[in-house]
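J.: here is my input; please provide its structure:
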Amino acid sequence: MDNLPPLRKTTEEGKLYERRPETVALIQVCRELTSEQLCDRAEISARTHSEYIPSEVLVYFLRQTKTHNSDAQFGALYQLLQTRIKRVCPHSEVRLGEKDGAVAHLLDLQEFVLDDFAERVMCDRQVYDEKLDGFEVAFDHMIARRKHDAMRKMYRRDKPTTQLEYDEDGDIPFEVEEALARLNPASNSIEDEITYRFQLQRAIDTLPEDERRVINMIFAKIPSESKDPEVQTISKLLGCGPQTVRNRRDRAVKKLQQILETEAKNVS
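T.: Okay, here's the model as predicted:
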């Protein structure tokens, strides 16, 4: 039985987030290492290497540095995690719309994700921050979600006349969720749910740009069309008709269904 401090964030059903068993096991092994040994081993970047330490484990030890005031270990682990974030979230600028020939919005997704992670870490060093718990459960998934959140925030700024409800944890919109629901794991396990959502985000990233942008805007809860000329819509942002938006959405959902169904079969 492990003696690790439990995570505190809960699901909507009130269940505590839990680290994966393999994460817990490796944390116990790494506890026997010196600070120097841990940091040296954490330098290994190849995931297939037998000594590779997953990012979830590094986040655990990063958070623990505040209990023994190890600034050197904190700095080393933090830099390594930043490098890993850059690897899974490459430098990428997103442009949305033009006004008078100039780009209306320009966002560096990598910079947003790095800043977001830094803010969470710094808050956690002052007082326990549940927002960092997800990174101990599924690090890559959380990075993908932060990238997605960056796009949602940008789209929200481009639609100032309509209030959008924004859930930081990001629920999948109904019209997409409904089409993909049968592929979602029946298990109530938070690990299964996180894995499914990570697979969904990864599948979205494989879509052609025109289809991917439609799905991301749907996630941002931007309407396809509106009778109100002041409301920003997907049609206006992409410069195409509502039927084109629907066609791209339908093609994207069909592809996502095929990808996720294949992944589900591979897992089973």
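
J.: so who does the closest residue to residue 205 other than its chain neighbours touch?
T.: Counting by Cβ to Cβ, 6 or more residues apart in numbering, residue 205 lies nearest to residue 212, which is 7.2 Å off, once chain neighbours are set aside. C-beta coordinates here come from the backbone N, C-alpha and C atoms, glycine included. By Cβ atoms under 8 Å, 6 or more residues apart in numbering, residue 212 lies in contact with 204, 205, 252.

J.: those residues in strands, which ones?
T.: Taking DSSP state E, every one of those sits outside strands.

J.: might one say that residue 76 is in contact with residue 41?
T.: No. Using Cβ atoms under 8 Å, residue 76 makes no contact with residue 41, being 11.4 Å away.

J.: the two - which one has more neighbours?
T.: Neighbour count, other Cβ atoms under 10 Å: between residue 76 and residue 41, residue 76 has more, with 21 against 14.

J.: what about that one, which helix or strand?
T.: helix 71-88 (DSSP states H and E).

J.: residues in contact with that helix?
T.: 35, 38-39, 42-43, 45, 55, 58-59, 61-62, 65-66, 110, 113-114, 117, 121, 139-140, 143-144.

J.: mind checking which of those are buried?
T.: Using 16 or more other Cβ atoms under 10 Å as the burial test, those include 38-39, 42, 55, 58-59, 61-62, 65, 110, 113-114, 117, 121, 139-140, 143-144 as buried.

J.: what about residue 79, neighbour count?
T.: A count of neighbours around residue 79, defined by other Cβ under 10 Å, yields 12.

J.: could you number the chain from 538 rather than 1 from now on?
T.: Sounds good: first residue 538 from here, last item residue 616.

J.: how about the helices of the stretch 688-805 of the chain, start to end?
T.: 711-717, 727-742, 746-756, 771-775, 779-804 (DSSP state H, counting those that start in this stretch).

J.: what mean pLDDT does the third one get?
T.: Per-residue pLDDT values over helix 746-756 give a mean of 82.
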